[in-house]
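# Fold the stuff below for me.
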Amino acid sequence: MTIALPALAIASINDGDVANVVALWQACGLTRPWNDPAFDIALARKGANATVLIGRDDGAILATVLVGHDGHRGWVYYLAVSPDHRHKGYGRIMMDAAERWLRERGIEKLQLLVRADNTGVKDFYHSLGYTMQERIIYAKWLDGREPTP
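Numbering: from 1, shown residues only. Model prediction:
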């Protein structure tokens, strides 16, 4: 049995999209006080190794993903689907677009981080073929801030 996914027009973000993308990320609970999402978008757009992909239907931004690489591994951040349009296959479409973007640049491995309290997405990533890898992550704020969980 083949499941037909809905169509989304996928494109890189434009200047006029930034405010709507930030609003979507906030609506999805993806932003944190210590990360300025507009800065993250600007940084992704600054070089050739990252972008923010948006998925539109009838002009409305329904989904996004920030995808980039360090020359060796690809990374995904800010995968978001409008709360009013979840469970329609848009997350899968955006992950497919991110994977395609990385493959076109010769990147063969994609990694992503999931916060421990975000248990709802674990089944989603497993359904896409992602496996959990045990790692210990060390972090340090270079501006002297205290670590955050």
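# CA atoms for contacts and neighbours, from now on please.
Fine.
# What residues of the helix or strand where residue 80 lies count as buried?
Here residue 80 sits within strand 74-81, counting by DSSP states H and E. Neighbour counts over strand 74-81 (16 or more other Cα atoms under 10 Å) mark 74, 75, 76, 77, 78, 79, 80, 81 as buried.
# Confirm that residue 26 sits in a helix.
Yes - counting by DSSP: H, G, I helix; E, B strand; the rest coil, residue 26 is located in a helix.
# count of neighbours near it?
Burial of residue 26 is recorded as 14 neighbouring residues (other Cα atoms under 10 Å).
# going forward can the numbers begin at 454, since that is how I track them
Sure, I'll start counting at 454 from here, so that last one is residue 479.
# For it, give its distance to residue 470.
Residue 479 sits 14 Å away from residue 470 when distances are taken as Cα to Cα, to the nearest Å.
# Determine the number of other residues adjacent to residue 535.
17.
# Run the angle between the strand or helix carrying residue 519 and strand 527-534 for me.
Assigned by DSSP H and E, residue 519 falls within strand 513-522. Relative orientation of strand 513-522 versus strand 527-534 (axes from the mean of the first three to the mean of the last three Cα atoms, to 10 degrees): 170 degrees.
# ok, back up a step: just the mean pLDDT for the strand holding residue 533, thanks.
On average, the pLDDT along strand 527-534 is 96.
# what do you get for stretch 462-474?
Rounded mean pLDDT across stretch 462-474 is 96.
# where does residue 476 land in three-state SS?
With three-state DSSP as the basis, residue 476 sits in helix.
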